[in-house]
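Asks: Quick one, structure for this:
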Amino acid sequence: MQLEQWLLIAILAIPLALVITNRLRMDLAALIMAGALGVLQFAGLAMLGPAHTPQDAAKAISGFSQSVVITLISLFVISRGLDKSGITRWIARQIVRIGGNKTGRFIALFTAVTAFLSLFMNNLAAGALVLPSALEVARRTGIKPSKLLIPVAYGSLLGGTATYFTTANIIMSDLLKIANPPQAPLKFLDFTPTGGLITIAGILFLWIFGNKLLPDREPAGANGVARRSGDQLEDLYQVDERLWEAQLTTSSQLVGKSLEKSEIGKNWGVTVAAIERGPERLILPEPNTIIKSQDRLILIGRKDKIDQLLTLGMEISPVQKHNFLSTHGLTLAEILLAPHSTLEGKTLKNIDLRRIYGVTAIALKRLTRNYRTDIGDMPLAFGDSLLVLGPLERIHTLQNNLDLLVIEPHSGDQPVNKPHAILTVLITFAAIGASIAGVPVYLSVFVGAILMMLLNLVSTVEAYRSIEWQAIFLIAGMYAVSLAMVQTGLAGLLGKSMLSLVTPFGGLGVAAGAYLLTALLTQFMGGQVSALITGPVVISAAIAMGANPQAVAVATAIGCSASFFTPMAHPVNILMIAPANYKFSDFLKAGWVLTILSFGMLLVGLKLFWGL
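Replies: Alright, predicted model coming up:
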């Protein structure tokens, strides 16, 4: 072995050992590897290019310009659009309904759903689209995200074994055409029988054993912060006990008056939380909102105060229990006084919360007691918390106020925003359709993400916040490792060594060796590169010994999807790390068994469907 190959092994082994022992973050390890390779290349060694070409040291950071990085960033934005419009919440509700309260069933459902999607689209895209729904199910059921996100990643990889649309599968088909002599390319359904067998076995395996093999770890960062949803806040403040519907008659004294001049709050201490006008959704009333006949007012107040409003020409009835404001699309949040707040001792009327800040306080919690009537006249004290209702952008604006601490609720109970949902789904399916039709995936999803921002389905700030930078840095760093594996010849050396061991076992041995080799290489350099390295070698070996080259190509391509061992093996694995707070060993624990199972099913498929 050459010096460069030994150095590359050291550069891989030392950071990975620190990662496995939880002494180093995975993204930082990838950047250290890339940096070390760049330094050695600059020093004159042939790590990323020919020796004595210091300009090739720039390849150490070339991972940031790769299409997979653009694809991933774009998918983060598209996923945020799907989540914001309510699509992912709707999907989560359906899965919760089917899954009941059994963790194993949820694991199987998410594996199967992602596997199905990956039959028609890029594996990374399938995983990114299902990820928000998995997180929402975790929130609703109390199941840790760490139980659900590896199944999402593995589902996309399993589905990729059964479809022509996986990149490595397409590469192997093209390599057959340029073999010597040229061979017939793989057909659309050539992967389906063998890959389908592997997929079904993988789903069943995770269903039965996933709950035991997958970690039960608390999520970190923002994903680990338990936030109440709007309906939970309403329960906490007991809003439904003081929630009323008031239907105005044509002769009501309030018709034609603005909300401010009606003095409902001033004279009776009752809060007008919202107005419903005909078929329109509940709207948040401004002080100058004109009350019209047949309006339906949503009021919050004590019964004795509400009864006094009957003289104004209203028909009032209590709101049905658990008919929450938040489920109608209204946004609630909790507000507390910040330390050293200048608002202590002032009343909400003094502050003029609605006019200045654009939100309405509908309840106040002081110690263990809730107040929902005459709260505008109560001087605020430290320890008080207010439940406010208002547009989401106004609540975000409140977060910049030094006098207040704003706790924004989880959006899990919000309804689907139908106009936004339709646009978001159309853009998403257009991006998927374009990629199936031949447009590069990175370009189709990139344009889709731009359209979502242009149409204000996702704001620019939301787009930036949606990006998981740990995944971006990890992928970019590992790209330099892939280049070094090829440049130093280490990948080729491994390929020749493996082939010499399996060739005596005939065509099935070559196919089995091709799977094992590509599965090994894929853990460090990605399936696409592995296919390009091992594909020509194994196809030539199959032709030379008279074995079926198409069958060997299928086995090689499926090995490229066996990215189960390490989180760095595929971008979809990397995508799941931060939300679930995964460690390196989490993938290894379930991944090695799934790799062996896939290998066994591959051999069965090659025997049954290819006659090897």
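Asks: Please make it C-alpha for all contacts and neighbour counts, starting now.
Replies: Noted.
Asks: and the most centrally placed residue in the chain, what is it in contact with?
Replies: Residue closest to the mean C-alpha point of the chain, counted by C-alpha atoms, centre = their mean, is Leu131 at 3.4 Å. Shown in contact with Leu131 (C-alpha atoms under 8 Å, 6 or more residues apart in numbering): Leu149, Val152, Met576.
Asks: Look up the closest residue to the first one, ignoring the ones flanking it.
Replies: Distances taken as C-alpha to C-alpha, 6 or more residues apart in numbering place Met576 nearest to Leu149, at 5.9 Å, with adjacent residues excluded.
Asks: That neighbour in helix, strand or coil?
Replies: helix (DSSP: H, G, I helix; E, B strand; the rest coil).
Asks: what's the helix or strand harbouring Phe429 packed up against?
Replies: For Phe429, the host element (DSSP states H and E) is helix 418-436. Judged by 3 or more C-alpha pairs under 8 Å, 6 or more residues apart in numbering; DSSP states H and E, helix 418-436 is in contact with helix 67-85, helix 441-454.
Asks: Check the ones you listed for me: which has the lowest mean pLDDT.
Replies: Note on the helices and strands packed on helix 418-436: helix 67-85 shows the lowest mean pLDDT, a mean of 83.
Asks: what angle sits between the helix or strand following it and helix 67-85?
Replies: Note on helix 67-85: by DSSP H and E, the next helix or strand toward the C-terminus is helix 87-99. Helix 87-99 and helix 67-85 are oriented at 80 degrees to each other (axes from the mean of the first three to the mean of the last three C-alpha atoms, to 10 degrees).
Asks: Buried residues of helix 87-99, list them for me.
Replies: Ile87, Thr88, Arg89, Trp90, Ile91, Ala92, Arg93, Ile95, Val96, Gly99 (16 or more other C-alpha atoms under 10 Å).
Asks: got it, and stretch 50-64?
Replies: Pro54, Asp56, Ala57, Ala58, Lys59, Ala60, Ile61, Ser62, Gly63, Phe64.
Asks: try stretch 358-377
Replies: 358-365, 370-376.
Asks: Same check on stretch 540-558?
Replies: By neighbour count on 16+ other C-alpha under 10 Å, the buried set for stretch 540-558 is 540-543, 547-558.
Asks: Take it, keep the C-alpha atoms, and write them as CSV.
Replies: The C-alpha trace of stretch 540-558 is given here as CSV (Å, rounded to 0.1, in the frame of the first residue of the first chain):
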residue,chain,number,x,y,z
SER,A,540,-16.3,-7.2,-16.6
ALA,A,541,-15.8,-10.2,-14.2
ALA,A,542,-19.4,-11.4,-14.9
ILE,A,543,-18.9,-11.2,-18.7
ALA,A,544,-15.5,-13.0,-18.5
MET,A,545,-16.9,-16.0,-16.6
GLY,A,546,-20.2,-16.2,-18.5
ALA,A,547,-22.5,-15.1,-15.6
ASN,A,548,-25.5,-12.8,-16.1
PRO,A,549,-24.1,-9.3,-16.1
GLN,A,550,-27.6,-7.8,-15.6
ALA,A,551,-28.0,-9.8,-12.4
VAL,A,552,-24.6,-8.7,-11.1
ALA,A,553,-25.5,-5.1,-12.0
VAL,A,554,-28.7,-5.3,-10.0
ALA,A,555,-26.8,-6.8,-7.0
THR,A,556,-24.2,-4.0,-7.2
ALA,A,557,-26.9,-1.3,-7.4
ILE,A,558,-28.8,-2.7,-4.4
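Asks: Other residues contacting it?
Replies: By C-alpha under 8 Å, 6+ apart, stretch 540-558 touches 161, 168-169, 172-173, 176, 179-180, 183-186, 190-191, 195, 503, 506-507, 510-512, 514-515, 518, 531, 534-535, 538-539, 602, 606, 610, 612.
Asks: Could you do stretch 81-97 as well?
Replies: Contacts of stretch 81-97 (C-alpha under 8 Å, 6+ apart): 106, 109, 130, 132-134, 136-137, 141, 412, 414-418, 420-421, 424-425, 452, 457-458.
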